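Asker: The sequence and its predicted three-dimensional model are supplied below.
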Amino acid sequence: MSSFKQIIAIISLAVATSLSGCGSDSEPTTTPATDVAATADAAGDTTTAGDAATAGDAATAGDAAMGLKDIVDTAVANGSFKTLAKLLGDAGLVATLKGAGPFTVFAPTDEAFAKLDPKVLDALAKDKDKLAAVLKHHVLAGKVASKDVKTMFATTVAGYSLPIKVDGGKVMVGGANVTTADVEATNGIIHVVDKVILPPTLVDLAMASADHKTLVDLVVKAKLADVVATTGPYTVFAPTDAAFAALPKALVDMVVADEKMLQGVLTHHVLQGAVKAADVKAGFATSLAGFALPIAIKDSKVTVGGATVIATDLIATNGVIHVIDKVILLPNVVDIAMASADHTTLVDLVKLAGLVENLKDKGPYTIFAPTNAAFAKVDIKKVEALKADKAALESVLSYHIVPGLVKAKDVVAGQVATINGAKITIAKDASGVTVNGAKVIATDLVGTNGVIHVIDGVLIPPPKN
């Protein structure tokens, strides 16, 4: 069974045709589904039960000479796809699937549709767009024979991810069994399935992955499965089983034992809204847990909270999953600063002053964090003098820290005491907020023990009496 490192190259098809782009979705009045059924020839154009045992055998030149039909006519001629034929007509997709293609169609039988909850079928019958989406989710662009099928996630022409599992010669597609394979048509190929494949939720995709059993178990334990399945849209950064296994057992046990903490860790892997790989940008996002989530892009490699993205764009009805190789733990304010490419100077000075452990463990703090560019504006001799005088350096750094957690919306103009003991002056006007004249250029990078607001200047405390 392939890993998610392999599925990042989902099915690479020669023809990039999609149902939405190869013709109108409107059904011409000259070829209704009933007319197709009336003219179909049921004289053996589909594979038999014996063919299923030799699923790798494709149509031969002799088959073509005998006169293959297009996908729709082939399905109708079989006699087991009356419901599918009718729904294709209702959705206005018959003409499209009679088009040039090629297509790969996973075709549910009448028995498969009979297993579907009648309420679901009734709802689809009343909503042409949803019906079309469900039917398109059974179709891949291009022709994929059974011999070329691998365990992976394909992308259907509906735009959703379709889990395909190959195990011991058996093929499952979206939870449905392929019962007959490689039914040749003039414009593609049909594989018969025993269930209707509904477009997946985020939970469906995670459950279909052999590499995410731990994540699914923890989501269920945290009582978040229904939330992730029914709300959204979300962007989920999904750690693999190997990522969870790499964590210290004591840490995992501690988090799992505390439902609130477990919910926090899991929701810290989730963003509100669906962000595909092409739209990911470097910087800080805010996770559903409410904490800052650093995203970095370098040499086409994307990291999120220190974890590397190893597979992208598994699309569900309510969001998208990107697979990562590490579990993202909840960040403290030091973690956030260390993840920022704009605060390497500040981090180096905090380390030099011996303040790292205090800023990790205590709090809450509100930190006004100067950028590298802000430190670059300070006379280099003054910076070197601070590095040589630990007490003076600690005094300057502590002058950037206010006790308590104050988010941007709660900032009030006036003088505020820092942990240095001296006060800073906060001003607010139409242009924004300043601290001792330094402009606040980014706000609300929230950690477990405080919040960081980014400023464009270094704050120098007044001389002590």
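Answerer: It's in. The structure presented is a predicted model; accordingly, all values stated were derived computationally and were not measured.
Asker: Could you use CA atoms for every contact and neighbour count after this?
Answerer: OK.
Asker: in the sheet, who's paired with the most centrally placed residue in the chain?
Answerer: Centroid-nearest residue in the chain: residue 321, 2.1 Å away (criterion: C-alpha atoms, centre = their mean). Judged by DSSP bridges, the bridge partners of residue 321 are residue 236, residue 314.
Asker: I figured it hits residue 240, correct?
Answerer: No: counting by C-alpha atoms under 8 Å, residue 321 sits too far from residue 240 to count as a contact (11.8 Å).
Asker: For residue 276, list the residues it contacts.
Answerer: 312, 313, 320 (C-alpha atoms under 8 Å, 6 or more residues apart in numbering).
Asker: just those now: which is nearest residue 185?
Answerer: Using C-alpha to C-alpha, residue 313 comes nearest to residue 185 of those, at 30.7 Å.
Asker: how much space between residue 410 and residue 404?
Answerer: Separation of residue 410 from residue 404 (C-alpha to C-alpha, to the nearest Å): 12 Å.
Asker: swap that for residue 185, please
Answerer: 69 Å.
Asker: same check, this time on residue 249
Answerer: Taking C-alpha to C-alpha, one finds residue 249 at 33 Å from residue 404.
Asker: Same check on residue 456?
Answerer: For residue 456 relative to residue 404 (C-alpha to C-alpha), the value is 22 Å.
Asker: ok, those two, which is more surrounded?
Answerer: A side-by-side neighbour count of residue 456 and residue 404, using other C-alpha atoms under 10 Å, places residue 456 first with 22 against 14.
Asker: can you pull the contacts of the nearest residue to the more buried one once chain neighbours are set aside?
Answerer: Counting by C-alpha to C-alpha, 6 or more residues apart in numbering, residue 456 lies nearest to residue 374, which is 5.1 Å off, once chain neighbours are set aside. Applying C-alpha under 8 Å, 6+ apart to residue 374 gives the contacts 455, 456, 457, 458.
Asker: Residue 453 belongs to a strand, doesn't it?
Answerer: Yes: Residue 453: assigned to a strand according to DSSP: H, G, I helix; E, B strand; the rest coil.
Asker: Quick check: chain neighbours aside, which residue is closest to it?
Answerer: Nearest one to residue 453, counting by C-alpha to C-alpha, 6+ apart, is residue 443 at 4.4 Å.
Asker: What is the burial count for that neighbour?
Answerer: 15.
Asker: how is this protein carved up into domains?
Answerer: 4-199, 203-324, 333-455 (automatic domain parsing).
Asker: Quick one: those domains as CSV, columns for distance to residue 464 too.
Answerer: Formatted as CSV, the domains of the chain follow (distance: least, C-alpha to C-alpha, whole Å):
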stretch, distance to residue 464
domain 4-199, 58
domain 203-324, 35
domain 333-455, 9
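Asker: export the ones you listed to TSV and tack on mean pLDDT and distance to residue 463?
Answerer: Shown next, in TSV, are these (pLDDT from 0 to 100; distance: least, C-alpha to C-alpha, whole Å):
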stretch	mean pLDDT	distance to residue 463
domain 4-199	73	57
domain 203-324	96	35
domain 333-455	95	9
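Asker: Endpoints of stretch 172-180, how far apart?
Answerer: Across stretch 172-180, first to last residue, C-alpha to C-alpha, it's 12 Å.
Asker: Please apply the same query to stretch 318-329.
Answerer: Calculated as C-alpha to C-alpha, the first-to-last residue distance of stretch 318-329 is 24 Å.
Asker: What of stretch 302-310?
Answerer: End to end - C-alpha to C-alpha - stretch 302-310 spans 9 Å.
Asker: Residues contacting that stretch, please?
Answerer: Under C-alpha under 8 Å, 6+ apart, the answer for stretch 302-310 is 4-5, 8, 293-297, 301, 322-329, 339.
Asker: Would you map the helices across the stretch 251-400 of the chain?
Answerer: 259-267, 333-338, 344-352, 356-361, 372-376, 380-388, 390-398 (DSSP state H, counting those that start in this stretch).
Asker: highest average neighbour count across those helices?
Answerer: Among these, helix 333-338 has the highest mean neighbour count (mean count of other C-alpha atoms under 10 Å), at a mean of 21.
Asker: from the chain's centre, how far out does that helix sit?
Answerer: 25 Å (C-alpha atoms, centre = their mean, to the nearest Å).
Asker: Likewise for stretch 388-404?
Answerer: Distance, centroid of stretch 388-404 to centroid of chain: 41 Å (C-alpha atoms, centre = their mean).
Asker: Equivalent analysis for stretch 243-261, please.
Answerer: 23 Å.
Asker: How about stretch 374-382?
Answerer: The answer for stretch 374-382 is 42 Å, by C-alpha atoms, centre = their mean.
Asker: Next, the distance between the ends of it.
Answerer: 13 Å.
Asker: gap between residue 110 and residue 249?
Answerer: With C-alpha to C-alpha as the criterion, residue 110 and residue 249 are 50 Å apart.
Asker: Give me the more crowded residue out of those two.
Answerer: residue 110 (18 against 11).
Asker: In this structure the more buried one contacts residue 81, no?
Answerer: Yes: here residue 110 reaches residue 81: they are 5.4 Å apart, a contact under C-alpha under 8 Å.
Asker: All set now, cheers.
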